[in-house]
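Visitor: Let's see this in three dimensions:
(2 chains)
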Amino acid sequence: MPAEPQALPAVPASAPPRPLPSRLPRRSLGLLLPALLLGGVELAVRAGWVQGHLLPAPSDVLQALLGLGGADVAGHVLASAGRVALGFLCGAVLALAVGTLVGLSRTAEALLDPSFQALRAIPSLAWVPLLLLWLGIDEAPKITLIAIGAFFPVYMGTLSGIRDVDRKLVELARLYGLAGATLARRVLLPAAAPAVLNGLRNGLSLAWMFMVAAELIAATRGLGYLLTDGRELGRADLVFAAILLLATLGKLSDSLMQRWEQRALSWRDSLGSTPA
Amino acid sequence: MSATADPAALVRPAAGGRADPLTVQVLSKRFGERLVLHDVNLVLRAGETVSLVGASGCGKSTLLRIAAGLDRDYTGQVRFADAAGRPAPRDIGVVFQEPRLFPWLTVAQNVAFGIGAPRHDEHALALLAEVGLAAQAQALPKQLSGGQAQRAAIARALYAQPRVLLLDEPFSAVDAFTRMKLQDLLAGLAQRHGVTLLLVTHDIEEAVLLGDRVVVLGSEAQGIVDEVAIALPRPRDRRDVRLASVRAHVLDALHQAHAL
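Guide: Residues are numbered from 1 along each chain as shown, chains lettered A, B, ... in the order given. Next up is the predicted model:
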């Protein structure tokens, strides 16, 4: 049966468009899925549908975190975050320098890039035995492993950023007599900034992943250690607590990076950039 | 050794004592096997506007790129001269079809790009005011319309006060109305700054309206096939019937050169 025309919601053509949902509700949409998931798990454990010692209820995970004590948790978080910060810094600085060099020089590219591409394919865990042999079980192998993880995304971002710089802008700069380091500083690096920042963001998230690999081996502090400890003690709640902290810290550092990216690249005329 | 070996001797002092600022001699220019330019000799006289027209692919943009020093793979010679006729270093401003503004710099910083873009530059602001962009000095390129961006590019090309301005189809990417406004702007700027213009265009109307001379470049390396002097007073009016007759003449030359 055809619907009555009058039954349709009457929106006059001249009516102003419905206001978009304000910023806050839309941003908090991202919390909806985790909240539903946590609520569902809590319900399933409490109802006895799943075994709590394998999949602990979120409230038990929280209990485990509180049970560790604030100072202890902070100690683990600071140990891991400190390693990530230092490793990321070393890897990113090196990658920026090498990426710029390889981006600018065809000779450097021919010389270095094939080796870097091969090294890039090595999984994080494969480095561990070597680093342990070379550097012992102290901080040095952990920082090095994290630096390796951060290096490649930043290297790739810098290289592709420089390669993708608009030839026409470079031509214009050459008309003004720019070459070499001045050309790189005034044109190539600013133009490559979007890809470089994207590489830095990817590098940071990989640094967190490599940190866990580093701490799984030989650590007495840190979130990777907490994971190992939880497994050895058969405490899924501790393992989940560590995973929760990793997810939170990773998201937090990525959000900070994203905010920096948006501010630094406000000149971009793209869908993702803030409107002029 | 003949007298012509001295580059200075080749520069012919023009009427009024001001020497020709730019001489482009291309013996041959090839793209791979294809000969694009052959035996082209173009002399720009001080303060004049030369419109260079021809069918697409005839090498008119290539000739401009050679003059600009952007293409060095040719046989021939590009000579610049100062007001006294002495050989001078390349002294040009270039405007391309696209504005080519650096998107991370403000409009004013783009205009002053040649000297390192300081925060506040009176000369850049004055030029921006002259091209009608005073209010946009601190804006980013993404905030400009196509016509505004091209105005900024013209201001940038004039910033270093060059003797010669090279323009490669500068208005072909903007709408018809904006194009007319930019043409009027360019004619005014050329007169006020006393700059010599080489304008590459495929728009016959534009070539005739702006040029003191229209040079017709033939296709298939025929070289310059015709040259039309336009001795009409400025500012010119688009509706002037004399312009229409010059246009007809240039069109005839193009038809003959390219067998259109």
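
Visitor: Not counting sequence-adjacent ones, nearest residue to the closest residue to chain B within the stretch 1-150 of chain A?
Guide: For the stretch 1-150 of chain A, the residue closest to chain B is residue A:100, as judged by Cβ to the nearest Cβ, at 17.1 Å. Placement of C-beta: from N, CA and C, glycine included. Closest residue to residue A:100 apart from its sequence neighbours, by Cβ to Cβ, 6 or more residues apart in numbering or on different chains: residue A:158 at 6.0 Å.

Visitor: Three-state assignment for that neighbour, please.
Guide: Under DSSP: H, G, I helix; E, B strand; the rest coil, the three-state class of residue A:158 is helix.

Visitor: wait, it sits on residue A:104?
Guide: No - counting by Cβ atoms under 8 Å, residue A:104 is not a contact partner of residue A:158; they are 10.4 Å apart.

Visitor: Comparing these two, which shows the higher neighbour count?
Guide: residue A:158 (27 against 18; other Cβ atoms under 10 Å in any protein chain shown).

Visitor: Quick check: residues of chain A near chain B?
Guide: A:168-169, A:171-172, A:174-176, A:186-187, A:190-191, A:193, A:266-269, A:276 (Cβ under 8 Å from any Cβ of the partner chain).

Visitor: Chain neighbours aside, what residue packs nearest to residue A:87?
Guide: Closest residue to residue A:87 apart from its sequence neighbours, by Cβ to Cβ, 6+ apart: residue A:146 at 2.6 Å.

Visitor: Let me know the pLDDT of the one you found.
Guide: Looking at residue A:146, its pLDDT is 96.

Visitor: ranges for the helices of the chain?
Guide: This is for chain A. Along chain A, the segments classed as helices by DSSP state H run A:23-27, A:32-46, A:58-68, A:70-104, A:106-120, A:124-135, A:139-163, A:167-175, A:180-183, A:189-217, A:223-232, A:236-264.

Visitor: please go with chain B instead
Guide: B:7-10, B:60-68, B:107-111, B:122-130, B:146-158, B:176-193, B:204-210, B:241-258.

Visitor: And those helices: which comes nearest chain A?
Guide: Using Cβ to the nearest Cβ, the nearest of those to chain A is helix B:60-68, at 6.8 Å.

Visitor: Low-confidence ranges, chain B, go.
Guide: Per-residue confidence for chain B (pLDDT under 70) gives these ranges: B:1-18, B:117-119, B:259-260.

Visitor: correction: chain A
Guide: Short version for chain A, where the test is pLDDT under 70: A:1-24, A:272-276.

Visitor: in it, what residue is nearest chain B?
Guide: For chain A, Cβ to the nearest Cβ, closest residue to chain B: residue A:269, 3.5 Å.

Visitor: The nearest residue to that residue once chain neighbours are set aside: what's it in contact with?
Guide: Excluding the flanking residues, the one nearest residue A:269 by Cβ to Cβ, 6+ apart is residue B:142, at 3.5 Å. By Cβ atoms under 8 Å, 6 or more residues apart in numbering or on different chains, the contact list for residue B:142 reads A:267-269, A:276, B:103.

Visitor: Now the two most distant members of those.
Guide: A:276 and B:103 (11.5 Å; Cβ to Cβ).

Visitor: I'm done for today, thanks for sticking with me.
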